[in-house]
Structure formats: structure tokens, C-alpha cells
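Colleague: Can you look at this prediction? I've put the sequence above it.
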Amino acid sequence: MSKGAVLKVKNNDPVEALRVLFHDFLEKGVVDALLIPKKLPSGDGYCQTLIRDPEALVDINPMAPTLPVQSARLISHLTVTDPGCKVGAVLKSCEIRAVIELVKFLQVKMDRLILIGVDCLGTYEPSDYAKMSRESGEGVSITGSLLKGAKEGKIKPHDGYDLRLACQICEYPSPENADMIIGLFGHDPQRELFIEVCDDLAGELAQKGVLATNEEGSASRDQVIERLTEERIKKRDEVFDAFRSKSKGLQDLMDVLSTCIRCHNCMVACPICYCKECVFRTPTLEHKADQLIRWADRKGGVRMPTDTLLFHLIRLSHMVTSCIGCGLCDSACPNDLPVATLFRAVGQKVQGMFDYTPGRSVDEEPPVATFREDELQAESGAL
Amino acid sequence: MEDFEPRIIAFLCHWCTYTGADLAGTTRQQYPPNIRVIHMMCSGAVDTIYVLKALIDGADGVLLGGCHPGDCHYQTGNYKARRRMAILKEILNQVGFSEDRIWLRWISASEGKLFAVTVAQMVEELKKLGPNPMKQLWVA
């Protein structure tokens, strides 16, 4: 199903080795355009950049340790109408899983898309990364210090900073469903990178003289990934248990959400919330003035924050079956609400009802888009 | 609470349950008046956000009535409704709200008596459960 290659790294610079590889991709027509993280002019962050000229690949970083925007939304714009050429996209594991979900909701078309996944060491909040890069001196590479842990899978964040919680509990450090994976685990990235390529692409790469794939697989990489995944699952279960024990009832949930200001940032950042006309942007859920006055009259006064509960419950009922756990909602929340944990914890159970794992496969229908005649008999009424 | 009368909001599908409710009326089946009916064309047309809105706005119970599986006028609407209700109930369970206030029932156009019985059953169960705790969230 896939072939491997060991990409040698010169001068301890894995980013340069990849830049050369992607230079060839563009020059030899493996892709016509490449979406890849590139350093911002301010130098304190990265953003996805669509590159056609191979010379513009300066300052790219496929292992950029921040996720300011879920690329799945960008991929949707790039592919839902025919881009007219082959587009390659360098994405993190959660971004690829979001793309897979969006394919199933007809928001992304795979025909012209080549998915290049990168093993993920975790990401920092963009504001943390900006602070770090301003504090550290020249020549101190934040990516480099994360990469030091790649060989053993023991990733140590910068002193005084933490990786995003969603990354700490992510069970997919290595992307699946990609046409090519840039492996970081199990090998010393300063010496070599293990590249996995699917058969079709491997043939093209060999034929165009871009990359010869002779390896079968990398046992050391597989082992590190397995171990790291187990650690993440353990941490995930701890976080979920702590959350569930804290929010046993409705009032508990309201207390957890007490600082919600209904800015809807979580919804805006979420790759699964793609609806052009979201119900929250319509007057559907608004109450009429006379109704509110009547209720206030009857009860003495009414608290409006029930809108908060309604927002989160509605968002849950619409998208939790496809929640891939990227945690952008957490990053976007101005009041640090544990929305990612809430959604992932609820999602785990709801997805479990249908044995569904979002982002696992393009062929697996989302629970909200299908049904079976003989299921959920208990739901069919107590008769 | 002797004087607690539950309020039920019902989303009934036009082809089966609504007609069944109508039959209950024309055949003079007695059932409690606690129910407020919203006429939908199909149970599959009910977005669960309206069930949530009804609950948060203070309804003590919500009834979703549709055609029996396999008999949907639009072929598959009730199957989708069944899935959506299952998802909603699981979400509410996870956040600590009792799923017993949301009833999904298949009542066909000829089952007038079943409709009356279902409403009576629901009122009785809701009287036991008490008022919807979400109502307290509103009180200043």
C-alpha cells in the first residue's frame, strides 16, 4: 500500500532538506501549487501560504509548531470548485482528519488534491509562540527544540510553556489517509527523515527523479508512534475523567460555561462548522420582546444566559459526531472555556454509539448522514 | 406537587401522528390538555435544535411523533429522526440532563387511541419527574 524512503539531512537542517524536496515537487510538476506553512514577515508566527514559484519556498516550515487556522477550511476553498491544477497541501494530522470529514460533507473534492501529512510533535498557542520567538535570541529554533524529542517520542515543550491541551491528548501523532507522510518519529531529524509515500505517488516520484522509495517501512518509527499514542490516550482519559467528574449536572455545566460571552469564536474556528448560513446568524432562536417581558413578569426577572446553554447544546447536536479534536475552539475562546474538552468528551460517547471515528476514512458515512433500518430499537418507542 | 401541570410541546408528523391525533379528537378519545402541538410535514424535518429550544424555554417534556419505521411518507424521514433523537439524548445524558423528558413515538394515522394513551402516559411520567430544572436557569 505504501513505500518508504529515508531522506538524508545535511547540516542538521531538516527544514532545508524538505525545502529542496518541495522545490523539486513544484519544478518537476508533481504539484502545480503547494500550500505550506511559511514564516510571517513579523517573524513570530506562520501562516499557510499557497506557493507556485519554487523560489518562493524560502522560510517555509512544514513542521511549524502553531496552528493558527484550521487548513481544512482553506482546502475547501481550494478544491470545492475545480482549481484547474494539482494542489499539494502540507497539513498536520488533525487538519487531514478535518479534510476527510469535509469530503464526506461535500465541502472538499479530492480529485486535484495531494495530501502531504507531517508527523506532529504538538503545537503552541500562536500567542505563546509569538512571545517565545520574541524572547529567544537569534539562532534559537523553537521547532528545533521540539524536534529533539522526535526520535524517542519524548517531546519536551519550551521552559515555562505548554503545548495546547488538545495536542497533549491527541491520539493521532501521525497522520493517516495522506498521500505522503513526512515522518519525524523514530529517527533523528537532524540526520534523516523517514518519508512514507502511497504507491501511486511513489511511482510518479520515482519516474520524475524526485525521490526513490526503496524502503518497506520503519520499525523504529512505528514503535515510537505506538508508544506515544498510548501515552496520549492515557492523558486523554485523565482529562476526560476530570472533566466529567466536575460537570455532573446541568448547573455544573452552566458554571463551567459561566464566562461564555457568546462571541461564537469557537464556531468560527471549527472546521466542521462550515454552514454558510448558520442558524445562530438568523433570528430563528431569538425571543420576542413581549414574550420576554411576560416571562420576566411571571418569574420576577429572567436571566438571559440560557442562550449560552442553548448555543453549546445546539452546536453539540449539530457537529459533535464529526468532532476531530483539533482544539481550535479552545484556542479561539477569549475566556479560556474548556470547550475542546467538553466537545471531545461528549463526542467520544456519541461517536461510540455508532462505532464512528471522525477522520478515519472517506468511506465511512457520518452518523448524521445515514441510518440503518434495524438499529436503535429502543428508540422506536416503548410499545 | 399537587398543582404541577406539565407542559408538553409536541412535533407531530402530518401524515401519521398529526392525523392520528385528529382521529383521537373525532372519536372523542379523552386525553389531558397539557399538550401543545406543532404541525410538521415529517418527523425527519424536525431539527433537534427546536427540541432543545422547547426544553430550554421551559417545556417539561417534548414529544416527537412520526410514522412507523418503514412507513414514512417520504421514505426515510423517520429513520433520520430516530438517529437525531438518539444523538440528542446521548448528548443530554452526557451533560447531566435526563433524557426521559424527550419522547420519540411512532403513532400512525389510525392509532387515535394510542395517541391519547401516549399523552396521558407522558403527563403522568412528567408529573413524577417534576418541573423541568432548566426553568430555574431563567429565574433572576
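Modeller: Perfect, thanks for sending it.
Colleague: Can you mark which positions in stretch A:44-59 are buried?
Modeller: Going by neighbour count (16 or more other Cβ atoms under 10 Å in any protein chain shown), the buried part of stretch A:44-59 is A:44-46, A:48-49, A:51, A:54, A:57. The way it works is simple: take the backbone N, C-alpha and C, and place the C-beta from them, glycine included.
Colleague: just curious, which of these is nearest to A:Pro366?
Modeller: A:Gln48 (25.3 Å; Cβ to Cβ).
Colleague: about what we covered before: would you mind giving the buried residues of stretch A:44-59 as CSV with pLDDT added?
Modeller: Formatted as CSV, the buried residues of stretch A:44-59 follow (pLDDT from 0 to 100):
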residue, pLDDT
A:Asp44, 88
A:Gly45, 90
A:Tyr46, 92
A:Gln48, 94
A:Thr49, 94
A:Ile51, 95
A:Pro54, 94
A:Leu57, 93
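Colleague: quick check, nearest of those to A:Lys10?
Modeller: Using Cβ to Cβ, the buried residues of stretch A:44-59 come closest to A:Lys10 at A:Leu57, 16.5 Å.
Colleague: Do I have it right that the closest one meets A:Leu21?
Modeller: No - assessed by Cβ atoms under 8 Å, A:Leu57 is found out of contact with A:Leu21, at 9.9 Å.
Colleague: number of nearby residues for the nearest residue to A:Gln168 once chain neighbours are set aside?
Modeller: In space, and not counting its chain neighbours, A:Gln168 is closest to A:Lys235: 5.7 Å by Cβ to Cβ, 6 or more residues apart in numbering or on different chains. The number of residues packed near A:Lys235 is 15, by other Cβ atoms under 10 Å in any protein chain shown.
Colleague: Pretty sure A:Lys235 sits in a helix.
Modeller: Yes - counting by DSSP: H, G, I helix; E, B strand; the rest coil, A:Lys235 is found in a helix.
Colleague: where's A:Ala206, which helix or strand?
Modeller: Per DSSP states H and E: A:Ala206 is located in helix A:199-207.
Colleague: export that helix as PDB, just CAs?
Modeller: Coordinates of each C-alpha in helix A:199-207 appear next as PDB, following Å, rounded to 0.1, in the frame of the first residue of the first chain:
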ATOM      1  CA  ASP A 199       2.100   3.600  -4.200                       C
ATOM      2  CA  ASP A 200       0.600   5.900  -6.900                       C
ATOM      3  CA  LEU A 201       2.600   8.900  -5.800                       C
ATOM      4  CA  ALA A 202       5.700   6.800  -5.200                       C
ATOM      5  CA  GLY A 203       5.600   5.700  -8.900                       C
ATOM      6  CA  GLU A 204       5.400   9.300 -10.000                       C
ATOM      7  CA  LEU A 205       8.200  10.500  -7.700                       C
ATOM      8  CA  ALA A 206      10.500   7.700  -8.900                       C
ATOM      9  CA  GLN A 207       9.600   8.400 -12.600                       C
END
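Colleague: Where does the prediction get shaky in the stretch 1-150 of chain A?
Modeller: Residue ranges of the stretch 1-150 of chain A with pLDDT under 70: A:1, A:137-140.
Colleague: residue boundaries of the helices in chain B?
Modeller: B:19-26, B:48-56, B:77-94, B:112-129, B:134-138 (DSSP state H).
Colleague: which strands and helices sit next to the first one?
Modeller: Right, helix B:19-26. helix B:112-129 (3 or more Cβ pairs under 8 Å, 6 or more residues apart in numbering or on different chains; DSSP states H and E).
Colleague: What separation do you get for the closest residue in space to A:Lys109 that isn't next to it in sequence and B:Asn78?
Modeller: In space, and not counting its chain neighbours, A:Lys109 is closest to A:Thr79: 4.7 Å by Cβ to Cβ, 6+ apart. Taking Cβ to Cβ, to the nearest Å as the measure, A:Thr79 falls 35 Å from B:Asn78.
Colleague: Of those two, give the one with the bigger neighbour count.
Modeller: B:Asn78 (28 against 21).
Colleague: Which residues are in contact with the residue of chain B found nearest chain A?
Modeller: Nearest residue of chain B to chain A: B:Ala140, at 2.9 Å (Cβ to the nearest Cβ). For B:Ala140, the contact set (Cβ atoms under 8 Å, 6 or more residues apart in numbering or on different chains) comprises A:296, A:299-303.
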